[in-house]
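Novice: got a predicted model here, sequence first, then my questions.
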Amino acid sequence: MEKGQIVEIRIEDMTEDGAGIGKYEGYPLFVKDTVPGDFVRAQVIKDKGNYGFGRVMEIIEPSPDRVEPICPISRPCGGCQLQAMSYGAQLAFKQKRVTSALTRIGGQPADRVLPIIGMDEPVRYRNKAEYPVRMSRDGRIVMGFYAGHTHSVIECEDCIIGQQSDMKILSLIRGWMERYGIAPYDEESGRGLVRHVMIRTSHARGEQMVTLVINGKRLPHQTELAAELGFVSSLSYSINTEKNNVIMGREVRFISGRPYIEDEIGGIVYRISPQSFYQVNPLQTEKLYRKALEYAQLSGGETVWDLYCGIGTISLFLAQKARKVYGVEIIPAAIDNARENAAANGIANAEFFVGKAEEVLPGHFAHTGERADVIVVDPPRKGCDETLLRTIVEMAPERVVYVSCDPATLARDVKILADGGYELRAAQPVDMFAQTVHVEVVTLITRDKIETTR
Ligand code: SAH
C-alpha cells in the first residue's frame with residue numbers, strides 16, 4: 001500500500017469514531033464516510049506501514065445498510081458520524097461496541113449485555129446546542145458547527161438532531177450583531193466579541209435559555225438584544241477571555257428573564273442553570289433514569305450515594321424510594337440547582353456536596369464510617385478515578401449502578417470493581433445520541449458473588 005494508490009475494497013467493520021475499516025492485501029485501511037458492507041474505490045492518503053488511511057472516491061456498491069443522510073451537511077459537519085447508516089444498523093453498531101468493550105476490556109460475559117433501547121424517532125432530540133460564531137472569508141457572520149475535527153465553522157441551516165426553533169434565535173442574534181457592529185470572535189488574533197451561542201430548550205415546558213459566550217467583560221447593547229429575544233425565558237452571557245477550547249467561561253451574568261429554565265422528567269421538576277450539565281435527550285433520559293432506579297432496587301430503607309450528580313436528577317428520582325440520598329458534584333452552580341430542585345419538589349431526604357467524587361466519598365467514609373446500600377456513579381467520558389472505585393469496594397454497597405457515556409472506560413472500571421469482588425449483572429445500552437457514534441449504558445453491578453462464597 002502506498003500513498004496516492006487507488007484501491008478497491010469491501011468495508012467490513014467500523015471504528016469507534018465511525019470510520020469504515022476495509023482490508024487491502026491483509027492490511028487494514030480506515031476510510032471515513034463509508035458504511036460496513038460498502039464496496040468502495042478509495043485513495044490511500046496515509047501509509048502507516050501495517051495499516052493506512054484512505055479517502056473514499058466512489059461507492060461502487062452501496063451497503064444494504066446505507067441510507068441517504070437526512071441532513072445535507074452531515075459529511076462536512078461530522079457531528080453525526082452515522083447518518084449514512086440505517087437506524088437499525090446504527091443500533092447494531094452500538095450494541096456491538098458495548099458488548100465488545102465489556103467482554104474484551106472488562107472480561108465480562110457477553111450475555112450480560114441487554115438489547116439496546118433505541119429511539120422511536122431518531123431526530124430532533126437534542127435540547128442543547130453550542131453554536132460557534134465566526135466571520136466567513138467573505139465577511140458574513142456564520143453560526144453553525146465546527147467541520148469535522150477542524151475549527152472552521154459551517155453554517156447551520158437547520159440541524160436535524162437539534163431544535164428548529166434555534167434557527168430563529170440565531171438569526172435574531174445575527175441581525176443584532178450586524179446592526180450594532182458587534183464582531184464575532186477570531187481565534188487566530190484572539191479578537192472579536194461573540195464566541196458561541198448556547199441554546200437550551202426544555203422539552204416539557206418549551207422554555208428557551210440563551211447564553212452568549214463572549215471574549216470580553218461586558219456585552220454592549222444588551223437592552224436591544226433582550227428586546228429582540230423577549231420570548232426566551234432566560235438570557236445571559238458568559239465571560240471567556242481565554243484562548244482555549246473550553247466553551248463556557250466561569251462567570252455568567254444574566255440579562256433578562258430568570259437565571260434558569262425548568263424541565264420535567266418523570267414527574268419531577270428540574271431547574272437548570274447555564275453552567276449545569278443536563279442530559280441532552282429528554283425522552284431517552286427518562287428511560288435511562290427508570291432503568292437506574294430499577295437497578296437500585298430500593299425499598300425505602302436504603303442509604304444511597306449519587307456521584308457525579310449534576311443538578312440532582314438521578315438523586316431526586318432515587319430519593320422518592322430511599323431513606324437518604326447523598327449527591328456529589330464538582331460544579332457549584334449545579335449543586336445550587338440540585339438543592340433548589342429538592343426543595344421545589346418537596347424532597348427532604350437528599351443532601352448535596354460540592355466537590356470531587358473521589359475526594360468527598362473517601363472523606364465522608366473515613367470521617368463517619370457510614371456504609372451505603374447503593375452507590376450510583378455517572379461520570380464524564382473519562383470514567384471514575386481509581387481512588388473512588390477503591391473506596392466503593394471498601395464501603396461494600398450491595399449494588400453499584402454505573403451510568404456511562406463511554407463503554408471503554410466503563411469496562412475498565414467494571415474490571416476494577418470485579419477485582420474487588422463485584423460482578424456485572426446487567427448492562428443496558430440506551431441510545432441517547434442517535435445519528436452519532438456515542439452510546440450510553442446503565443449497568444447493575446452487585447457483590448452477590450462474595451456472599452455466595454461466604
Ligand atoms: N447524573 C447527572 C450528571 C451526569 S454528567 C445527570 O444525569 O444529569 C457528569 C457530571 O459529573 C457533570 O455534571 C460534571 O460536572 C460532573 N463531574 C465531573 N468530574 C467530577 C468529579 N471528579 N467529581 C464530581 N463530579 C464531577
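Specialist: Okay, I see it.
Novice: tally of neighbours for the closest residue to residue 153 other than its chain neighbours?
Specialist: Once flanking residues are discounted, residue 153 sits nearest to residue 134: 4.5 Å by Cβ to Cβ, 6 or more residues apart in numbering. Heads up, the C-betas are built off the backbone N, CA and C, glycines and all. Neighbour count for residue 134, taken as other Cβ atoms under 10 Å: 23.
Novice: A strand includes residue 134, no?
Specialist: Yes. Counting by DSSP: H, G, I helix; E, B strand; the rest coil, residue 134 falls inside a strand.
Novice: contact partners for it?
Specialist: 141-142, 152-153, 184-187 (Cβ atoms under 8 Å, 6 or more residues apart in numbering).
Novice: next step: these restricted to strands.
Specialist: 141-142, 153 (DSSP state E).
Novice: can you give me the strands in the stretch 351-454 of the chain?
Specialist: Per DSSP state E, counting those that start in this stretch, the stretch 351-454 of the chain carries strands over the ranges 374-377, 399-404, 423-430, 440-446.
Novice: ok, back up a step: show me which of the ones in strands among the contacts of residue 134 are buried.
Specialist: The neighbour-count test (16 or more other Cβ atoms under 10 Å) applied to those identifies 141-142, 153 as buried.
Novice: can you add distance to residue 442 and pLDDT and give those residues back as TSV?
Specialist: Shown next, in TSV, are these (distance: Cβ to Cβ, whole Å; pLDDT from 0 to 100):
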residue	distance to residue 442	pLDDT
141	41	96
142	38	94
153	35	89
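Novice: for the ligand, state which of those is nearest.
Specialist: Set against the ligand, the nearest of these by Cβ to the nearest ligand atom is residue 153 (26.2 Å).
Novice: how about the stretch 301-450 of the chain: which residue is closest to the ligand?
Specialist: residue 310 (2.9 Å).
Novice: residues touching the spatially closest residue to residue 125 that is not a sequence neighbour, list them.
Specialist: Leaving out its chain neighbours, the residue that sits closest to residue 125 by Cβ to Cβ, 6+ apart is residue 281, at 4.6 Å. Taking Cβ under 8 Å, 6+ apart, we find residue 281 in contact with 119, 125-127, 432-434.
Novice: also residue 258?
Specialist: Residue 258 is in contact with 233-234, counting by Cβ under 8 Å, 6+ apart.
Novice: and residue 294, that one's in a helix?
Specialist: Yes. Under three-state DSSP, residue 294 sits within a helix.
Novice: that one: how many residues sit nearby?
Specialist: Neighbours of residue 294 under the rule other Cβ under 10 Å: 14.
Novice: can you check the one 4 residues further on too?
Specialist: By the criterion of other Cβ under 10 Å, residue 298 has 21 neighbours.
Novice: next, the closest residue to it other than its chain neighbours: phi, psi?
Specialist: Leaving aside its sequence neighbours, residue 298 sits nearest to residue 321 (Cβ to Cβ, 6+ apart; 3.8 Å). With angles defined as degrees, to the nearest 10, residue 321 sits at phi -120, psi 0.
Novice: same deal with residue 227?
Specialist: Recorded main-chain torsions at residue 227 are phi -70, psi -40, according to degrees, to the nearest 10.
Novice: for residue 350, which residues count as its bridge partners?
Specialist: residue 325 (DSSP bridges).
Novice: ok, it touching residue 320?
Specialist: No. The criterion here is Cβ atoms under 8 Å, and residue 350 misses it with residue 320 at 9.7 Å.
Novice: and those two? Which one has more around it.
Specialist: A count of neighbours by other Cβ under 10 Å puts residue 350 above the other of residue 350 and residue 320, at 25 against 17.
Novice: residue 224 belongs to a helix?
Specialist: Yes. Membership of residue 224 in a helix is supported by three-state DSSP.
Novice: domain assignment for the protein?
Specialist: 6-66, 91-120+281-446, 128-264 (automatic domain parsing).
Novice: quick one on the thing from earlier: identify the residues contacting the residue nearest to residue 298.
Specialist: Listed by Cβ under 8 Å, 6+ apart, the contact set of residue 321 reads 293, 296, 298-300.
Novice: pick the one among those closest to the ligand.
Specialist: For the contacts of residue 321, the closest approach to the ligand (Cβ to the nearest ligand atom) belongs to residue 293, at 12.3 Å.
Novice: count the residues that sit near that closest one.
Specialist: With other Cβ under 10 Å as criterion, residue 293 counts 20.
Novice: isn't it up against residue 318?
Specialist: Yes. With contacts counted by Cβ under 8 Å, residue 293 reaches residue 318, the gap being 6.4 Å.
Novice: what's the helix or strand for the nearest residue to residue 265 once chain neighbours are set aside?
Specialist: For residue 265, ignoring the flanking residues on the chain, the nearest one in space by Cβ to Cβ, 6+ apart is residue 286 at 5.2 Å. With elements taken from DSSP states H and E, the one containing residue 286 is helix 282-296.
Novice: output the contacting helices and strands for that helix.
Specialist: strand 261-265, helix 313-319, strand 374-377, strand 399-404, strand 423-430, strand 440-446 (3 or more Cβ pairs under 8 Å, 6 or more residues apart in numbering; DSSP states H and E).
Novice: was I right to think residue 427 contacts residue 440?
Specialist: No. Contact criterion Cβ under 8 Å: residue 427 and residue 440 do not qualify, at 10.9 Å.
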